[in-house]
Structures are given as structure tokens and as C-alpha cells.
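Chemist: sequence-free structure coming up:
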């Protein structure tokens, strides 16, 4: 079968239609975007505690330590005189996007493939 422009367009339409009909099947990964706004220290502490509690079994002690170190380093940088992290927002977003693309997305694809394999075996 020769793949011409018309067939390719039809395939793209079918995939887009299928994705719209089944949004829960699309892999949900971490969002690399940063929200704007301000947060009080108390709210920040509360959200940190909630994040730690919700980590579950997937996050082991070395990973937790690494996350704490990264957060500490970013806090130290932000606390330096004349440093405003909001001026470096685009750089931080690029770093988060690189982490997402190189770590989270491949993991999500692997998990989705395993899930599809398991569903295929169960049928």
C-alpha cells in the first residue's frame, strides 16, 4: 500500500478523532509549565507537606533526598542578593521541560505499553 497525502491526512484525522473520544488513554505526564502568583510561607509549608505525603511508594529515600537537595539549592539561589528567579523563568521552564522529555515521557510510554500488553493478554 502506497502512502499518499490523502491516506496520510485520513490517518491523522482518525487518530485525532480517537484521541478526542478517549482522552483518558492519553498519557498524562508532569507539566513543565510554571504557574504565576504568590504564596505565603504557611501555604508553601502546607503544600510541601501534602506533596511529601502524596508521594507514595514510587518515591524512595534517595529520590526524596535528591528532591530536597534540588529544592534547597533553588532556595539558596533565590535567597542571594539581587536575584529574582522570575527573571529566569524561561530558563527554569526549559530545564523542567528537558527533565520531562528525558525522564517522565519515556516512563509514561513504557507504562502505557505495559498496560496495553497486559490488557491484550487478559482478552
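Modeler: On my side now, so go ahead. Predicted, not measured: the structure shown is a model, and the values here were computed from it.

Chemist: got any ranges where this structure has weak pLDDT?
Modeler: 1-5, 7-9, 11-12, 14-32, 122-123 (pLDDT under 70).

Chemist: got the domain ranges for the chain?
Modeler: Here the domain parsing of the chain from automatic domain parsing is 37-83, 84-123.

Chemist: to residue 13, which of the ones you listed lies closest?
Modeler: domain 84-123 (22.3 Å; Cβ to Cβ). All C-beta atoms are positioned from the backbone trio N, CA, C, and that covers glycine.

Chemist: how far away from the center of its chain is the closest one?
Modeler: 5 Å (Cα atoms, centre = their mean, to the nearest Å).

Chemist: mind listing the strands for the chain?
Modeler: Read by DSSP state E, the chain holds no strands at all.

Chemist: returning to what we had before: of all the domains of the chain, which one is nearest residue 6?
Modeler: domain 84-123 (29.0 Å).

Chemist: residues of the closest one that come out buried?
Modeler: Of the residues in domain 84-123, 96, 104, 108 count as buried by neighbour count, 16 or more other Cβ atoms under 10 Å.

Chemist: export these to CSV and tack on distance to residue 90?
Modeler: Formatted as CSV, the buried residues of domain 84-123 follow (distance: Cβ to Cβ, whole Å):
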residue, distance to residue 90
96, 11
104, 20
108, 25
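
Chemist: circling back: tabulate the domains of the chain (TSV), appending distance to residue 10.
Modeler: Listed next are those as TSV, based on distance: least, Cβ to Cβ, whole Å:
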stretch	distance to residue 10
domain 37-83	40
domain 84-123	24
